[in-house]
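# predicted coordinates and the sequence they were generated for:
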Amino acid sequence: MNFLDFFQLSSVALFLVIVVLRASHLRLTKNINPIAIGRGKKGFSLAFELIAFAALLIWMLEVVLHAMHSTFHVFPALLERQLFEAVTAKSIGVVLVTAALVLFTLAFLSFGSSWRVGLDTQTPGALVTSGTFALTRNPIFVALNLWFSGIFLINGRFGFLIFALLAAIAMHWQILREEKFLTGLYGQPYQDYRARTARYFIWF
């Protein structure tokens, strides 16, 4: 196992540790279940959230399998095609994944007890506009996009490229859903925050 293999495994492990610890902390100290996937949903919204969650788990499993140099892969053979094997691309990938993990961690610190997975119509938290949320309205989605892109560059596989592209589209659609939800929930304070803070990056 080389550095890149260990690095990819560590990124998956850190992601899971952060999510599990934060979810457990909110559950035990605030009696809040932050995992709102499927809660109160039906039809397309329910299917979308469940499929997106399953796809993320499958992607993480595929990352682990590649890092372990397993002969078994979840992605079909067509998606295992190697597009490139460049040191420069791998280096950029490491930078992107590192930036993703830093941003992801800082976003969780900024979120406090308002963090949720999915749209929580029953126990929503307070509107968060400080910390990383002063730079982008969606730091976790930005972090995920960086993570998916970085893993693709490290591996250079067609399957990781397709996943990164589809994930970016799916997350953008989810962001639009959340903007509508948050506008109805917080009203003018959210509109003011939305007017002064970028959806993705500063000035973009």
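That came through fine. Residues are numbered from 1 along each chain as shown.
# quick one: the helices in the protein?
3-29, 43-67, 87-111, 139-155, 158-186, 188-196 (DSSP state H).
# any idea which of those is most buried?
helix 139-155 (a mean of 23; mean count of other CB atoms under 10 Å). No exception for glycine: its C-beta is placed from N, CA and C like everyone else's.
# can you name every helix or strand that that one contacts?
Applying 3 or more CB pairs under 8 Å, 6 or more residues apart in numbering; DSSP states H and E, we find helix 139-155 packed against helix 3-29, helix 43-67, helix 87-111, helix 158-186.
# low-confidence stretches in the protein?
Within the chain, the ranges that satisfy pLDDT under 70 run 38-41, 118, 120-121, 123, 202-204.
# who touches the residue nearest the centre of the chain in this structure?
Geometric centre of the chain, nearest residue: residue 144, 3.4 Å, by CA atoms, centre = their mean. Contacts for residue 144 (CB atoms under 8 Å, 6 or more residues apart in numbering) come out as 100, 104, 167, 171.
# let me know the closest of those to residue 83.
For the contacts of residue 144, the residue nearest residue 83 by CB to CB is residue 167; the value is 17.4 Å.
# list the residues that contact the residue nearest to the closest one when sequence neighbours are not counted.
Once flanking residues are discounted, residue 167 sits nearest to residue 148: 5.3 Å by CB to CB, 6 or more residues apart in numbering. Shown in contact with residue 148 (CB under 8 Å, 6+ apart): 59, 160, 163-164, 167-168.
# ok, so what distance separates residue 148 from residue 133?
According to CB to CB, to the nearest Å, residue 148 stands 21 Å off from residue 133.
# make a markdown table out of the helices of the chain and add distance to residue 81.
Listed next are those as a markdown table, based on distance: least, CB to CB, whole Å:
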| stretch | distance to residue 81 |
| --- | --- |
| helix 3-29 | 19 |
| helix 43-67 | 13 |
| helix 87-111 | 15 |
| helix 139-155 | 11 |
| helix 158-186 | 4 |
| helix 188-196 | 41 |
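# so which of those gets nearest residue 78?
helix 158-186 (7.4 Å).
# starting at the chain centroid, how far to the closest one?
10 Å (CA atoms, centre = their mean, to the nearest Å).
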